[in-house]
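> When you get a sec, could you give me coordinates for this:
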Amino acid sequence: QPDPTYRYPIYARPKDLISIDLGKFQPEMKNRNLAGRLEGNKFAPYPTRADIENGVLKGQQLELLWVDDAIDAFFLHVQGSGRVVFADSTKVRLAYAGRNGHRYTPIGRELVAKGILDSDEVSMQSIQAWLEANPLAGLQLMEKNKSFIFFRILEGAGPIGAQGVALTPGRSLAVDRKFIPLGVPIWLNTTEPGKSRKPLRRLVIAQDTGSAITGPVRGDLFVGYGISAGIRAGRMKESGTYYLLLPK
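Residues are numbered from 1 along each chain as shown. The predicted structure follows:
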């Protein structure tokens, strides 16, 4: 139940949210999806993040649970899955269940465009610090990302990637499916984030996707959960290469 502390809802997938696989209509649009809802007999865009935050879904009994921090909830949407720890230390795992179909807007890029942050200092931690220091402007900034994620409570192993299997810390890579099929083994050749420039070279598997992961050489490495993993993931924006391992 919500209370004055825990007042930010995490929503389940609405029943009227429709996802369309465009590849079933045009082969060249394979792995592209469109989301919206029916308004009468017309397919229309789903409400934006701002619409939903302002209560457009209230009264539909979609609230899975409530959390105590709007910024943490926002980054849960960015990650697409996560863990919620209750006051009695019990944990609930949340998995991706759908999105409203609006384009994902990286708010770090918005901060750079406004001259608030330099491009080389953008990380999840620096963005979070700015949002906490500027709550009203931060709310407006978060609403610029119109994309909104819906969740389900996950039982068993996880988090679950787009391939339908549990992701493995340090071994599961999210890719753009327009260029790389899920399940392909990839030799990753990059560096750890930070000043050490420690090499990061290992075998990974393409097992997930993401709305911000676009392009032939773009990947997000799943590094696990917890504070240290969050710090590492939040700073990761290294350049590098990877090699697809295919049958000869």
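> per-residue confidence at the residue nearest to residue 147 when sequence neighbours are not counted?
Of all residues not flanking residue 147 in the chain, residue 104 sits nearest, at 4.4 Å (CB to CB, 6 or more residues apart in numbering). (Glycine included, C-beta is placed from N, CA and C.) Residue 104 carries a pLDDT value of 91.
> Pretty sure residue 104 sits against residue 149.
No. In this structure residue 104 lies outside contact range of residue 149 using CB atoms under 8 Å: 9.7 Å.
> Next, the contact list for residue 30, please.
For residue 30, the contact set (CB atoms under 8 Å, 6 or more residues apart in numbering) comprises 23, 178.
> which strands and helices sit next to the helix or strand bottoming out on mean pLDDT in the chain?
The weakest-scoring helix or strand in the chain, judged by mean pLDDT, DSSP states H and E, is helix 227-235 (a mean of 81). For helix 227-235, the elements it packs on are helix 124-133, judged by 3 or more CB pairs under 8 Å, 6 or more residues apart in numbering; DSSP states H and E.
> Heading C-terminal from the helix it packs on, find the next helix or strand.
Counting by DSSP states H and E, the next helix or strand C-terminal to helix 124-133 is helix 135-144.
> Contacts for that following helix, please.
Contacts for helix 135-144 (CB under 8 Å, 6+ apart): 48-50, 53, 70-71, 74, 105, 107, 110-111, 130-132.
> Show me which of those is closest to residue 217.
residue 105 (21.9 Å; CB to CB).
> residues touching the nearest residue to the closest one once chain neighbours are set aside, list them.
Distances taken as CB to CB, 6+ apart put residue 145 closest to residue 105, at 4.3 Å, once the chain neighbours are dropped. The contact partners of residue 145, by CB under 8 Å, 6+ apart, come to 49, 74, 104, 105, 106, 107.
> Check residue 167 too.
By CB under 8 Å, 6+ apart, the residues touching residue 167 are 158, 159, 160, 161, 207, 208, 222.
> Isn't the third one up against residue 172?
No. Here residue 160 does not reach residue 172: they are 10.5 Å apart, not a contact under CB under 8 Å.
> okay, these two: which has more neighbours?
Taking neighbours as other CB atoms under 10 Å, residue 160 and residue 172 compare with residue 172 leading, 22 against 19.
> what stretches of the protein score poorly on pLDDT?
The model of the chain has no residue with pLDDT under 70.
> can you give me the helices for it?
Using DSSP state H, the helices of the chain run over 49-53, 70-79, 107-113, 124-133, 135-144, 227-235.
> of all the ones you listed, which lies closest to residue 43?
Nearest of the helices of the chain (CB to CB): helix 49-53, 17.3 Å.
> Having no further points to raise, I will conclude here.
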